[in-house]
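Q: I'll drop the sequence and a predicted model, then ask my questions.
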Amino acid sequence: MPAPPRPALAAPRPAALALGLVLAVFVVDLNLPLGVAAAVPYTFAVLLALRVPAWWFAPAVAGLCGVLTVAKLELAPERGTTEYWKILVNRGLALFSIGMTTVLGVLRRRAEIARRRAEEETREHLAALAHMDRLHAAGQLATGLAHEVNQPLAAIGLQAEVAARLATAGQSAALAACLEEIAEQAQRAGAIVKALRRMTAPGDAHAAAVDLNEVARAVFRVIDWEARRAGADVQLQLKDSIPAIWGDRVQLEQVVFNLVLNAIQAVAGTAGERTVRVETGAAADVVIVTVRDTGPGIAADDPDRVFERFYTTKPHGMGVGLAVSRSVVEAHGGKLWAAKEPGGGAVFSFHLPAERGD
Ligand code: ADP
């Protein structure tokens, strides 16, 4: 589930280079006596041909090189003082090098294709897991979000009734205020529905410049009700004007969402202070996000265990949120880690390379 790469430079044309080299070697070979091992450089043409994506191209070029190596014996049989058996050995060695280079190259390319396919499958698997994790999280928030949307809808209904009465009474100033309130509430409901749709849509990765402060605020809006329900005080300590980072906003929202939801669930079970603090900051070419909580802290001896896939200590947990979050952060060129707070509680931080704006 990596962030989409930026466009790469245009690749040179190995097919034309390979055929050009075959021609050049053939012309040189024709003009030298048979005693010179002039057919050996054909192997470089085969190496170039192996860079062409069409699977048949390299074997076809190798075949052509073989035919030309043998054809030279007939087309320009000048052999100087070299004995004929040495010439045959010479040509045989050239054919052997061309053949071996082709076989080894084709085998290497097949292994490379298999490796890429495996990588692709892992990526698809992670994307599916990430989507499943988002649906799971949305499911956990469903009651809260339904309530959250219901509030502005009820307010809109009420204000609309008042507006109708004000319109009949001809009180235009009060009517304008009332309509403004309706528009505001509709926007609030729309923002919640939009955030929920973004969270649950499978969607392809879409890279752009992202402001992590905005990401933190968006997560806060969706999670606010859950925090209140758990009696948690979620505080945002966002540093002004941090550099943007380059990446996929939805995936990064999911990372922050996972960290904050975990922190809320951690403090929900404690009798004491229930504070979750989301901080952003910047340091030498990176942007840092930290989520601290006053919960019981990480149960495992090694805090890194929480990133293992399917590791969970919750009765209804899936144990994929942090594994997915770590792959997302690493795919963006960053690092995500966990630590125990000395005074109890847990702290999760990640940093991402700052966008240089070039
Ligand atoms: P899940 O939430 O489904 O268990 P996660 O991958 O998000 O999956 O978390 C894995 C485990 O990491 C949790 O079950 C919990 O044991 C631990 N963990 C995560 N966040 C915290 C936290 N803030 N405080 C203490 N433990 C945590």
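A: Thanks, I have the structure now.
Q: next one: the strand or helix carrying Leu129 to chain centre, how far?
A: Assessed by DSSP states H and E, Leu129 sits inside helix 84-169. Computed by C-alpha atoms, centre = their mean, to the nearest Å, the chain-centroid distance of helix 84-169 equals 8 Å.
Q: and it, what does it pack against?
A: helix 42-49, helix 57-75, helix 172-200, helix 212-230, helix 249-268, helix 321-331 (3 or more C-beta pairs under 8 Å, 6 or more residues apart in numbering; DSSP states H and E). Quick note: C-beta positions are derived from backbone N, CA and C, even for glycine.
Q: make JSON lines from those and add distance to the ligand, mean neighbour count and mean pLDDT to it.
A: Output for the helices and strands packed on helix 84-169, formatted as JSON lines (distance: least, C-beta to the nearest ligand atom, whole Å; neighbours: other C-beta atoms under 10 Å; pLDDT from 0 to 100):
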{"stretch": "helix 42-49", "distance to the ligand": "47", "mean neighbour count": "23", "mean pLDDT": "95"}
{"stretch": "helix 57-75", "distance to the ligand": "46", "mean neighbour count": "17", "mean pLDDT": "95"}
{"stretch": "helix 172-200", "distance to the ligand": "15", "mean neighbour count": "15", "mean pLDDT": "86"}
{"stretch": "helix 212-230", "distance to the ligand": "12", "mean neighbour count": "20", "mean pLDDT": "89"}
{"stretch": "helix 249-268", "distance to the ligand": "3", "mean neighbour count": "24", "mean pLDDT": "92"}
{"stretch": "helix 321-331", "distance to the ligand": "3", "mean neighbour count": "22", "mean pLDDT": "91"}
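Q: show me the residues around Phe310 that make contact.
A: Going by C-beta atoms under 8 Å, 6 or more residues apart in numbering, Phe310 touches Met318, Gly319, Val320, Ala323.
Q: thought the second one was touching Arg309?
A: Yes - counting by C-beta atoms under 8 Å, Arg309 is a contact partner of Gly319 at 6.7 Å.
Q: quick one on the thing from earlier: now the two most distant members of the contacts of Phe310.
A: By the measure C-beta to C-beta, Met318 and Ala323 form the most distant pair in those, at 9.7 Å.
Q: low-confidence ranges, the protein, go.
A: Within the chain, the ranges that satisfy pLDDT under 70 run 1-12, 202-205, 357-358.
Q: give the burial count for the residue nearest to Pro353 when sequence neighbours are not counted, as a bare number.
A: Spatially, and ignoring its direct neighbours in sequence, Pro353 is nearest to Gly333 (5.0 Å; C-beta to C-beta, 6 or more residues apart in numbering). A count of neighbours around Gly333, defined by other C-beta atoms under 10 Å, yields 15.
Q: check Leu352 too.
A: Leu352 has 25 nearby residues by other C-beta under 10 Å.
Q: on the three-state scheme, it is what?
A: Classification of Leu352 using DSSP: H, G, I helix; E, B strand; the rest coil returns strand.
Q: do Gly344 as well
A: For Gly344, the assignment made with three-state DSSP gives coil.
Q: distance-wise, check it relative to Ala230.
A: 18 Å (C-beta to C-beta, to the nearest Å).
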